[in-house]
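J.: Sequence below, structure please.
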Amino acid sequence: MASLCLNSLPLPPSSQPRKLLETPSPSSLNSYGKAEASKPIVVSGNPPTFVSAPGRRIVAVGDLHGDLYQTRCALEMAGVLSSDGEDLWTGGETVLVQLGDILDRGEDEIAILSLLRSLDIQAKAEGGAVFQVNGNHESMNVEGDFLFVDDGGFDECLDFLEYFDDCRDDWEEAFVDWIGVSQKLKVDRKMPQNYWDPWNLVRRQKGVIARSILLRPGGPLACELARHPVVLKVNDWLFCHGGLVPHHVAYGVEKMNREVSQWMRGLSESEDDPDIPFIATRGYDSVVWNRLYSRDNSDFDDYQSNQIHTILERTLHAAGAKAMVVGHTPQTVGVNCKYNCSIWRIDVGMSRGVLNSRPEVLEIRGDKARVIRSERDSFSELNVVDYI
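T.: Modelled structure (predicted):
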């Protein structure tokens, strides 16, 4: 029998009022939610950057890396996905945030993206929402770096591109419906075959070409990824794949999101802009690659830990946030927090292409956060844990 610990941990109070460096313009506001909701979700920015979700339960899910089975397990455990295989939204007014790295290391990448899009459509009808932030593996694939692509990932790209053609290039129809189509096609291609059969080698070459067509800047799947930010602020919480530092906030969160989105779409604001937005997607301290907050710090001395804590506090103060949630670095101890719980690390390596660990999710209600994990594969009993 799983134990329940329901006393949630409040975050440390802000020492002084925090002010955003960017003020969203009224013209960029969009409303989500049901008409009867007292306060609808309001989104600012394109791609979404600032989200006001009054009174909503927020659930954050870490890196998924192409593992549809583990993805479904995590979402069912979080209470936002039906367990009957129908892929129905059950979260009501919940806001779901996925922290990137859906691509690579698994064979159901597009299926997961399709599932999240389908759930977002359903969630909006219930007064909820689904958001994603892009990670380093999304940007790597748009750059054409396929180093970590699973063979099944190339196969899925080829199957999807053929299905897209069958849909007469209707992207919305093909993409949203793919979650229901992909599994049958995957079963068909799992039929016993000789790996070195000439046709298989040709198919793999076609899979690489299909992935390049889909994910090159301006490609249809790259444009789908461009709908998502690299940094998202929901109420007083920051969400990003790697981590924000003060110079990211000074540069402008909305500006970074816009530049990455335009690069993925094959566009640029001016001829002087770099092809790849360096500050967000390249370099060890970029938003999607930064491991300052998520790496193991057990061997740090007090001075090093205090320095990191100071950088984190300066970042949160500049962004007007109480806490930050990151993925990117698998946490072998499970979801955890550091620095007075002002940073939460939620990548647990759940994909079978990483650690194949049991799924865990972070639940946020107001200024309180807790971890939800399962002690059983069936997820019939949950263990809710708070870090103090």
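J.: Give me the distance between Gln331 and Met350.
T.: As for Gln331, its distance to Met350 is 11 Å (criterion: CB to CB, to the nearest Å). For glycine as for every other residue, the C-beta is placed from the backbone atoms N, C-alpha and C.
J.: Compare the two and say which is more crowded by neighbours.
T.: In this comparison of Gln331 against Met350, neighbours counted by other CB atoms under 10 Å, the higher total goes to Met350 at 26 against 20.
J.: so what pLDDT did the more buried one get?
T.: Met350 carries a pLDDT value of 98.
J.: Please tell me I have it right and it contacts Gln70.
T.: Yes: distance between Met350 and Gln70: 4.6 Å, which falls inside the contact criterion (CB atoms under 8 Å).
J.: and for those two, which residues touch both?
T.: With CB atoms under 8 Å, 6 or more residues apart in numbering applied, the overlap between the contact sets of Met350 and Gln70 consists of Leu64, Asn356, Pro359.
J.: The second one: what's it in contact with?
T.: Neighbouring residues of Asn356 by CB under 8 Å, 6+ apart: Gln70, Gly349, Met350.
J.: got the residues you listed as a markdown table, with distance to His241 and secondary structure columns?
T.: Putting the contacts of Asn356 into a markdown table (distance: CB to CB, whole Å; DSSP: H, G, I helix; E, B strand; the rest coil) gives the following:
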| residue | distance to His241 | secondary structure |
| --- | --- | --- |
| Gln70 | 18 | helix |
| Gly349 | 14 | coil |
| Met350 | 15 | coil |
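J.: Would you mind putting the residues you listed into JSON lines with distance to Ile343 alongside?
T.: Conversion of these to JSON lines gives the following (distance: CB to CB, whole Å):
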{"residue": "Gln70", "distance to Ile343": "24"}
{"residue": "Gly349", "distance to Ile343": "18"}
{"residue": "Met350", "distance to Ile343": "20"}
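J.: what about the helices in this protein?
T.: 68-77, 109-126, 136-143, 151-166, 171-189, 198-215, 220-225, 246-251, 253-264, 278-281, 302-319 (DSSP state H).
J.: For those, please prepare TSV with the additional fields distance to Gly100 and mean pLDDT.
T.: Supplementary listing: those in TSV, determined by distance: least, CB to CB, whole Å; pLDDT from 0 to 100:
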stretch	distance to Gly100	mean pLDDT
helix 68-77	13	98
helix 109-126	11	98
helix 136-143	6	98
helix 151-166	16	95
helix 171-189	18	90
helix 198-215	15	91
helix 220-225	10	98
helix 246-251	16	98
helix 253-264	12	97
helix 278-281	11	93
helix 302-319	18	96
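J.: Can you name the residues in contact with stretch 62-73?
T.: Residues beyond stretch 62-73 that count as contacts (CB under 8 Å, 6+ apart) turn out to be 74, 81, 98-109, 111-112, 115, 135, 137, 150, 152-153, 327-328, 330, 335, 346-354, 356, 359-360, 374, 379.
J.: Give the buried subset of the residues you listed as a ChimeraX selection command.
T.: For the buried members of the contacts of stretch 62-73, the matching ChimeraX selection, counting by 16 or more other CB atoms under 10 Å, is:
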select :74,81,98,99,100,101,102,103,104,105,106,107,108,109,111,112,115,135,137,150,152,153,327,328,330,335,346,347,348,349,350,351,352,353,354,359,360,374,379
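J.: can you tell me which of the contacts of stretch 62-73 are in strands?
T.: Judged by DSSP state E, strands contain the following of those: Gln98, Glu360, Ser374.
J.: quick check, nearest of those to Lys184?
T.: When the ones in strands among the contacts of stretch 62-73 are ranked by distance to Lys184 (CB to CB), Gln98 comes first, at 24.9 Å.
J.: check contacts around that closest one.
T.: When the contact criterion is CB under 8 Å, 6+ apart, the partners of Gln98 are Ala60, Val61, Leu64, Leu116, Val130, Phe131, Gln132, Val133.
J.: Which of the residues you listed ranks first by neighbour count?
T.: When those are compared by neighbour count (other CB under 10 Å), Leu64 ends up highest, at 32 neighbours.
J.: roughly how far apart are it and Gly349?
T.: Applying CB to CB, one obtains 11 Å for the distance of Leu64 from Gly349.
J.: now Val80
T.: Distance of Val80 to Gly349, given as CB to CB: 21 Å.
J.: same thing with Arg295?
T.: Computed as CB to CB, the Arg295 to Gly349 distance reads 14 Å.
J.: And Gly135, by the same measure?
T.: For Gly135, the distance to Gly349 - CB to CB - is 14 Å.
J.: same question, Glu143
T.: Looking at Glu143 against Gly349, where the rule is CB to CB, the gap reads 23 Å.
J.: cool, Ala123 as well?
T.: Relative to Gly349, Ala123 is positioned 26 Å away (criterion: CB to CB).
J.: now do Thr90
T.: Counting by CB to CB, the gap between Thr90 and Gly349 amounts to 26 Å.
J.: Make sure Ser286 is actually in contact with Ala280.
T.: Yes: the pair Ser286 and Ala280 passes the contact test of CB under 8 Å, sitting 5.7 Å apart.
J.: How about Gly207: what's its closest non-neighbour residue?
T.: For Gly207, ignoring the flanking residues on the chain, the nearest one in space by CB to CB, 6 or more residues apart in numbering is Phe154 at 3.0 Å.
J.: can you tell me how far the one you found sits from Val61?
T.: Using CB to CB, one obtains 25 Å as the distance from Phe154 to Val61.
J.: Quick check: which ranges of the stretch 251-388 of the chain have low pLDDT?
T.: Counting by pLDDT under 70, the stretch 251-388 of the chain has low-confidence residues at 269-274, 375-388.
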